[in-house]
Every structure is written in structure tokens, then in C-alpha cells.
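1. Take this sequence and fold it.
(one chain, ligands or ions: 2)
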Amino acid sequence: MDVVVFGAGSLGSLVGGLLAREHDVTLVGRAAHVERVRASGLRIEGEVEATVHPAARTTLPARADLALVTVKSFDTERAARALARCDVPTVLSLQNGLDNEATLAAHLDGRTVLAGTCTYGARLLGPGRVACTGVGEVALGAREGGPSVAADRTGRAFERAGVEHVVAEDMPRRVWEKLAVNAGVNAATALARVPNGALSDPPGRDVAHAAAREVAQSARGEGIDLTEARAVASVDRVVRATASNRSSMLQDVERGTRTEIDAINGRIAGPDAPVNATLAALVRTWEDAEGLRES
Ligand SMILES: NC(=O)C1=CN([C@@H]2O[C@H](COP(=O)(O)OP(=O)(O)OC[C@H]3O[C@@H](n4cnc5c(N)ncnc54)[C@H](OP(=O)(O)O)[C@@H]3O)[C@@H](O)[C@H]2O)C=CC1
Ligand SMILES: CC(C)(CO)C(=O)C(=O)O
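-> Ligands and ions are numbered 1, 2, ... in the order given. Next up is the predicted model:
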């Protein structure tokens, strides 16, 4: 299969690199990374060790069988516009946050846009080098739920490359459940400057639980079967499993780069979700002060 990865940063380089063990993969990323991958391949380190030789470019190729979207959520619209000019029948988002698939679908008439969630951990170490910080699983399927021929075909491609995955018929619920975890963990850890494990006990745990409960309430308002108990249990499970991790939002804040707050807490912030509204307002205040938000 010809696979193009749009946004070859941490996650795109890892998943693209794993797929390159079996498929013809093209990584689309920034110049320094692209040049190094072209010159000496992509080194995967950590929980998976491999050196692979995908193609690499700074712009999309003319065609592919499958596109993975792994830009940050604030770049999804730009990715969608670029993908509209690429002849690719199936597009799979592995991003966190809500609405990435809808944004892609709005620009990609006639293509199949699949929803995905990913619990692999990835960190770009430098040009040509990516760390697998945790072997997880990709869940993928129809963005509106139910069966999907394109999802089955994509699942078989992941299978052949040895990427842990599940083809799921309940992607809307899974995307919301992942949102509950990110809403509970990311902003709280970024604002308090603590690793995920600091949310195991009060008062951090209370904030994380309250944010996750609001996500579950909002999900049910949109017809998604996600209970508050399940959302809270997911937060606790991830906090335990990733206790020493610094969340992606904390890493963004420490690096001084824009966060995905709009697609996570910001997506449900409102009078019925005051905890998420507060978390979103504080992170946006920091982004404004740092001049990171577009006008
Ligand atoms: N990292 C992880 O372990 C996980 C990440 N995710 C999700 O996956 C998504 C990606 O995360 P992550 O990989 O960490 O983010 P990164 O910022 O590391 O990767 C995104 C990459 O895409 C690049 N990019 C953006 N626009 C373009 C463009 N037009 N052309 C070429 N390259 C472009 C960015 O470059 P630049 O920065 O210069 O704009 C960056 O290198 C997020 O939604 C995240 O929440 C989900 C699960 C795990
Ligand atoms: C699961 C979690 C919270 C792990 O840190 C994550 O997805 C993130 O940091 O963005």
C-alpha cells in the first residue's frame, strides 16, 4: 500500500516508520527531518528499535492509497486543504481532540475519512530520530460508527506491518472517551507543571475528574453513550499507566509552542462545562501572552 503521512512529527514519524516495515510510506514533514530521513533513514528507538527508509518530502505527493493525518489539531484545516489536491481515497486522522474528522471531511468530498485514536507514545528526538515511548494501540473505523470497508482494508495494512490496532465500529464513543482523558489530564498538568501521576490524588484528581465528567455529559448531549463513571475510570487508568509522563500539553507549554486546547477543553467549554471553560481560558491566556494564537 502507498501510505502518505501528513505531519511527520512525533506520532506521524513513529506510525509511518512502523508501517514502512511493510508498505511504501512517504513522510511529509519539515525540511531538517525530511533531509535526514532521505540521507540516512528514520531511526526508531525506545520500546521499538528499527531503522527504516520511507520516502520523505515537505509537500504531499500527487497520489497515495491512504493518508494518515498527524498534524496538531490547529493545523487540521490547512492539512485538509492540502489533501484536497492529492489523489487519495482514504484519509485517517490519528489526532487528539474533537472535530478533526469533520474538518477533513468538509474539504474532502468523495473520499472516505476514518476516525482514529492512538495510545502509542511518540517523541521526535531530532531530525531522523523518533522515540517510541509506549507501545499502545491504534483504534480506527468509520467516523460516524458502524462497519467500513475502507477501515477493514486499512486494518489489514496495519496488521501486515505489525502495528497494534483494532478496527472498531464505535469510533464516536472512543473519540469522546479519549477526549475525556485529554480534557482531564492535559490542561491540569500543563497549568500545574506536573507529570500525569500528580493527578492520582486530590486536589489534582478532583479537577481531572470534574473535567472528564463534563465531557461525558456533553457527549451524551450529542447522543454518545459515555457515562461519567466510564470517563472518570479512563482518566484514572491513564494517569496510573502514564504516571511519569509529561502530557503533550505540558510539553507544549515547556517548549513555548501552541497547544491543542481549542480542540480539547475548549471544544466543550461553556456554561454547562465550567471546569473545562476555566481550564481553557487559563491555557488560552498563556497562549495569548506568549503570542502563540493566530488572530
Ligand atoms: N505524540 C504522541 O505520542 C501522540 C500524539 N497524538 C496526537 O497526534 C497529533 C500529532 O501529535 P505530535 O506528533 O505529538 O505533534 P508534532 O508537533 O510532533 O507533529 C506534527 C508535525 O507536523 C508538522 N506539520 C504541520 N503542518 C505541516 C505541513 N503543512 N507540512 C509539513 N509538516 C507539517 C509539524 O511541524 P511544525 O511543528 O513545524 O509545524 C510537526 O512536525 C496531535 O493531535 C496529538 O494530540 C495522539 C496520540 C499520541
Ligand atoms: C494520554 C495522555 C494524557 C498521555 O500523556 C496524552 O494523550 C497526552 O499527553 O496528550
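2. Residue numbers of the stretch 101-250 of the chain in contact with ligand 2?
-> 181, 182, 185, 186, 196, 238, 242, 245, 247, 248 (CB under 6 Å from any ligand atom). Quick note: C-beta positions are derived from backbone N, CA and C, even for glycine.
3. mind running it again at 5 Å?
-> Proximity of the stretch 101-250 of the chain to ligand 2, by CB under 5 Å from any ligand atom, involves residues 185, 238, 242, 245, 247, 248.
4. centroid residue for the chain?
-> residue 95 (2.5 Å; CA atoms, centre = their mean).
5. Spell out the secondary structure type for that residue.
-> coil (DSSP: H, G, I helix; E, B strand; the rest coil).
6. ok, the closest residue to ligand 1 within the stretch 1-150 of the chain - contacts?
-> Nearest residue of the stretch 1-150 of the chain to ligand 1 (CB to the nearest ligand atom) works out as residue 9 at 1.9 Å. For residue 9, the contact set (CB atoms under 8 Å, 6 or more residues apart in numbering) comprises 29, 70, 71, 124.
7. Among these, which one lies nearest to ligand 2?
-> Of the contacts of residue 9, the one sitting nearest to ligand 2 (CB to the nearest ligand atom) turns out to be residue 70, at 13.0 Å.
8. Can you check which helix is longest in this structure?
-> The residue-count maximum for a helix in the chain (DSSP state H) belongs to helix 171-192.
9. before we move on, back to that, now list the buried members of the residues of the stretch 101-250 of the chain next to ligand 2.
-> 185, 238, 242, 245, 247, 248 (16 or more other CB atoms under 10 Å).
10. So which of those residues belong to helices?
-> Using DSSP H, these in helices are 185, 238, 248.
11. For those, could you give me TSV that also reports pLDDT and distance to ligand 1?
-> What follows is those, written out as TSV (pLDDT from 0 to 100; distance: CB to the nearest ligand atom, whole Å):
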residue	pLDDT	distance to ligand 1
185	97	12
238	93	11
248	91	5
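12. and the closest residue in space to residue 162 that isn't next to it in sequence, helix, strand or coil?
-> In space, and not counting its chain neighbours, residue 162 is closest to residue 21: 6.6 Å by CB to CB, 6 or more residues apart in numbering. Classification of residue 21 using three-state DSSP returns coil.
13. do residue 166 as well
-> Following three-state DSSP, the label given to residue 166 is strand.
14. helices or strands next to the longest helix of the chain in the packing?
-> Packing contacts for helix 171-192, counted by 3 or more CB pairs under 8 Å, 6 or more residues apart in numbering; DSSP states H and E, involve strand 112-118, strand 138-142, helix 204-221, helix 228-241, helix 248-255, helix 265-268, helix 274-289.
15. now with 7 Å?
-> Where contact means 3 or more CB pairs under 7 Å, 6 or more residues apart in numbering; DSSP states H and E, helix 171-192 is packed against strand 112-118, strand 138-142, helix 204-221, helix 228-241, helix 248-255, helix 274-289.
16. CA atoms only for the third one, dumped as PDB, please.
-> Okay, so that is helix 204-221. Taking Å, rounded to 0.1, in the frame of the first residue of the first chain, the C-alpha atoms of helix 204-221 are listed here in PDB:
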ATOM      1  CA  GLY A 204      -5.400  17.400  41.100                       C
ATOM      2  CA  ARG A 205      -7.600  14.300  40.800                       C
ATOM      3  CA  ASP A 206     -10.700  16.300  41.600                       C
ATOM      4  CA  VAL A 207     -10.000  18.700  38.800                       C
ATOM      5  CA  ALA A 208      -9.300  15.900  36.300                       C
ATOM      6  CA  HIS A 209     -12.500  14.000  37.300                       C
ATOM      7  CA  ALA A 210     -14.700  17.100  37.100                       C
ATOM      8  CA  ALA A 211     -13.400  17.900  33.600                       C
ATOM      9  CA  ALA A 212     -13.900  14.300  32.400                       C
ATOM     10  CA  ARG A 213     -17.400  14.300  33.900                       C
ATOM     11  CA  GLU A 214     -18.300  17.400  31.900                       C
ATOM     12  CA  VAL A 215     -17.100  15.700  28.700                       C
ATOM     13  CA  ALA A 216     -19.300  12.700  29.400                       C
ATOM     14  CA  GLN A 217     -22.300  15.000  29.900                       C
ATOM     15  CA  SER A 218     -21.500  16.800  26.700                       C
ATOM     16  CA  ALA A 219     -21.100  13.500  24.900                       C
ATOM     17  CA  ARG A 220     -24.500  12.300  26.000                       C
ATOM     18  CA  GLY A 221     -25.900  15.600  24.800                       C
END
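17. Noted, bye for now.
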